[in-house]
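Chemist: here is my input, please return the structure:
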Amino acid sequence: MKIAELRKKLAEEQLSGLLVTDKINRRYLCGFTGSNGLLLVTEQELRLFVDGRYTQQAQQQTKNIEICELPVGGSINEALRPFVKGLALGFEAGTISYQSFSGFQLLMEEVNGQLVATKNMVEGLRMIKTPEEIQGIKQAAKIADQTLEEILPLIRTGMTEIELANEIDYRSKKVGSAGPAFETIVASGARTALPHAHASQKEIQADELIMIDFGAIYQGYYSDITRTFAFGEVAGAIKETYQNVLAAQKKAIKAVAVGRTLGEIDQTARGALAQQGLAQYFSHNLGHGIGLSCHEYPALAPQEGVIIEKNMTFTVEPGVYLPEAGFGIRIEDDVWVNEAGQAEILTQYTKEWMEFGSN
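Modeler: The predicted structure follows:
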C-alpha cells in the first residue's frame, strides 16, 4: 500500500522512480532497518541495494522486493546503472549527502537519464499514521509516562543534571524503551531559560525549577514529553507564568481540528501568550511531527499551511524563556488526531502545576 501510494505521487510528478537514501524512509517503505543501503522504487520494480553485511537482515525484514548485494569494494552507481537508463529519477534533496548526489548526477548523465530534486515525498506519506503506527507511538508515550513516575521520587538536592538525565535513560530502557529518543534534556534553576539545555554538572538545588525533556522508542516509534516543575517552593511569578503557558498549550490542543492548518494551531498558542505579554519569549515553533523519528515533517510553525487530517501525530510544546528573570517553562505533549478529528493526548503524565519537597 505504501509503495502504491508513492508510485501514485511519482506519476503525478512525472517521475519514473525515486532513489530513497534516507534511512527512516527506507524503513517506512520496505521494513529494512539497516544503517546503510539504497532503495530504488520505479513504476514496476522495487530493489534494495545493500552490501554483504546486510543481505541476511534485508532478506528477513523485507518481502516482495529484489535484494541486490554489492560486491566487496563495489560501487553503488555501477550496481544501479543497468536499472536506471533513460529514467527521470527523483532524489531526496533534504537529506542526501553532496557526495552521493554528485555520484548519482554523473551516473544519470551517462545513461541519458534525469535527476530531479523532491521534497517530503515520502515524509508526506509518513505524516498519516496507520493504526499499527499509532499503537507504537501510544506505547512509547506510556513508557515515557512510566519513566516520569519512577524518576521524580529519586530527585534529590545535590544530584547533578547529568546524573538525573542518565537515570532517566536507564529507567526508560528498563520499562521498555529501545533507547533515548534524543539527548535527554535536564535543566534546573536559571538553566531552564535555555530552550535546549544540555544536561550539565550543575547540582540541583532546593527551591528551584527543573525542566525534563526526553522521549522513548518502542518498535521504532517515538514519544517526546517535557515537564517543568518546582523542586521545593518557587516565586509566585514563576507559578503564574507556568499557568499562562499551560493555558496556551491547552487552548492550542483544543483548537486542533481536521481542515485547519498547523499554522493556525501555532498561532493559537502564540496569541494566548501574547495576551499575557509572553509571546516575545516564545522562541521556537509550537511543535513537530512524530513517528518513526522524533522530529519529523511537518512542523507546527506560524506560517505552516499543511492541513490537519485524521491520524496525524505531532507534539504541542509552547515555551517561554526569560533569562533575565532566571527561569524558563516548557510543557510538551504528543497528540493524535483521532477518528473524531480531534486531538487526543497520548502523553498522560500530569502537567498541572506541581511542587514536591526537596531533601
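Chemist: would you confirm that Ser223 contacts Ile143?
Modeler: Yes - in terms of Cβ atoms under 8 Å, Ser223 counts as a neighbour of Ile143; the distance is 6.9 Å. The C-beta positions use only the backbone N, C-alpha and C, and glycine is treated the same way.
Chemist: what about the two, which has more around it?
Modeler: Ranked by neighbour count (other Cβ atoms under 10 Å), Ser223 and Ile143 place Ser223 first, with 31 against 22.
Chemist: and the more buried one, what is it in contact with?
Modeler: For Ser223, the contact set (Cβ atoms under 8 Å, 6 or more residues apart in numbering) comprises 137, 140-141, 143-144, 181, 215-217, 290, 334, 346-347.
Chemist: also Glu352?
Modeler: By Cβ under 8 Å, 6+ apart, the neighbours of Glu352 are Leu246.
Chemist: picking up where we left off before, now, which of the contacts of Ser223 lie within helices?
Modeler: Mapping these onto helices (DSSP state H) picks out 137, 140-141, 143-144.
Chemist: still on that earlier bit, need the overlap of contacts for Ser223 and Ile143.
Modeler: Ala216.
Chemist: would you quantify the distance from Ile24 to Gly289?
Modeler: Distance of Ile24 to Gly289, given as Cβ to Cβ, to the nearest Å: 12 Å.
Chemist: tell me, what's touching those two both at once?
Modeler: 126, 296.
Chemist: give me the more crowded residue out of those two.
Modeler: Per other Cβ under 10 Å, whichever of Ile24 and Gly289 has more neighbours is Gly289, with 23 against 18.
Chemist: now for the closest residue to that one other than its chain neighbours, how many residues are close by?
Modeler: Nearest residue to Gly289, sequence neighbours excluded (Cβ to Cβ, 6 or more residues apart in numbering): Glu296, at 4.2 Å. Neighbours of Glu296 under the rule other Cβ under 10 Å: 19.
Chemist: ok, Asn244 next?
Modeler: Asn244 has 19 nearby residues by other Cβ under 10 Å.
Chemist: and for Arg270?
Modeler: 18.
Chemist: kindly report the same for Ala237.
Modeler: Neighbours of Ala237 under the rule other Cβ under 10 Å: 11.
Chemist: ditto for the one 4 residues further on
Modeler: The burial count assigned to Thr241 is 22, neighbours taken as other Cβ under 10 Å.
Chemist: got it, and Glu43?
Modeler: What Glu43 shows, counting by other Cβ under 10 Å, is a neighbour count of 11.
Chemist: who touches the residue nearest to Gly289 in this structure?
Modeler: Applying Cβ under 8 Å, 6+ apart to Glu296 gives the contacts 24, 123, 126, 288-290.
Chemist: and it, its phi and psi?
Modeler: Glu296 adopts backbone torsions of phi -130, psi 170, taken as degrees, to the nearest 10.
Chemist: show me what the helix or strand encompassing Glu69 packs onto, helices and strands only.
Modeler: Under the criterion of DSSP states H and E, Glu69 resides in strand 66-70. On a contact count with 3 or more Cβ pairs under 8 Å, 6 or more residues apart in numbering; DSSP states H and E, strand 66-70 meets strand 46-51, helix 55-61, helix 76-80.
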